[in-house]
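A.B. asks: next one to model:
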Amino acid sequence: MPKRERYQNRIEVLQGTLDLLILQTLQWGPQHGHGIGQAIRVNSQDALQVEHGSLYPALHRLERQGWLVSEWKMSEANRRAKYYKLTPQGKKQVIERQSKWKQLVRAVARTMKPIQE
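C.D. replies: Numbers count the residues shown, from 1 in each chain. Presented below is the predicted three-dimensional model:
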């Protein structure tokens, strides 16, 4: 399948949603940036593709907010990589953002239904 066709069915991710996906992924343990992107792609069954141009600025922003910390380690491929992990504040953010996400999903679902009279 040509690359262009593969990406046509992917869903664009809003910035706040990307933050939640990153935080959620890091709940399972520290991970390097490429691994976070891969986990999001695999767990979404290829529906979500996070480009490096979106992923790394989001990781840096979350780190500046104090929700992530990072350290350089050797990856599985024996390369130096920056690994990210949640801080206690980041763990609280996961819970808060999950709640807001569920509210958003319910609100969107309500708008998708016809008005019952």
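A.B. asks: immediately after the least confident helix or strand in the chain by mean pLDDT, which helix or strand?
C.D. replies: Across the helices and strands of the chain, mean confidence by mean pLDDT, DSSP states H and E is lowest for helix 3-8: a mean of 52. Sequence order places helix 15-26 as the next helix or strand after helix 3-8, per DSSP states H and E.
A.B. asks: helices or strands up against that next one?
C.D. replies: helix 33-43, helix 52-64, strand 80-86, helix 88-112 (3 or more CB pairs under 8 Å, 6 or more residues apart in numbering; DSSP states H and E). To be clear about C-beta, it is placed using only N, CA and C from the backbone, and glycine gets the same treatment.
A.B. asks: would CSV of the ones you listed with mean pLDDT, distance to residue 27 and mean neighbour count be doable?
C.D. replies: Listed next are those as CSV, based on pLDDT from 0 to 100; distance: least, CB to CB, whole Å; neighbours: other CB atoms under 10 Å:
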stretch, mean pLDDT, distance to residue 27, mean neighbour count
helix 33-43, 95, 11, 17
helix 52-64, 94, 13, 15
strand 80-86, 96, 7, 17
helix 88-112, 91, 6, 12
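A.B. asks: nearest to residue 20, of these?
C.D. replies: The closest of the helices and strands packed on helix 15-26 to residue 20 is helix 88-112. By CB to CB, the value is 4.5 Å.
A.B. asks: ok, and what's touching that closest one?
C.D. replies: With CB atoms under 8 Å, 6 or more residues apart in numbering as the test, helix 88-112 has contacts from 16-17, 19-20, 23-24, 26-27, 62, 65-68, 86.
A.B. asks: what comes up buried for stretch 18-32?
C.D. replies: 18-26, 30-32 (16 or more other CB atoms under 10 Å).
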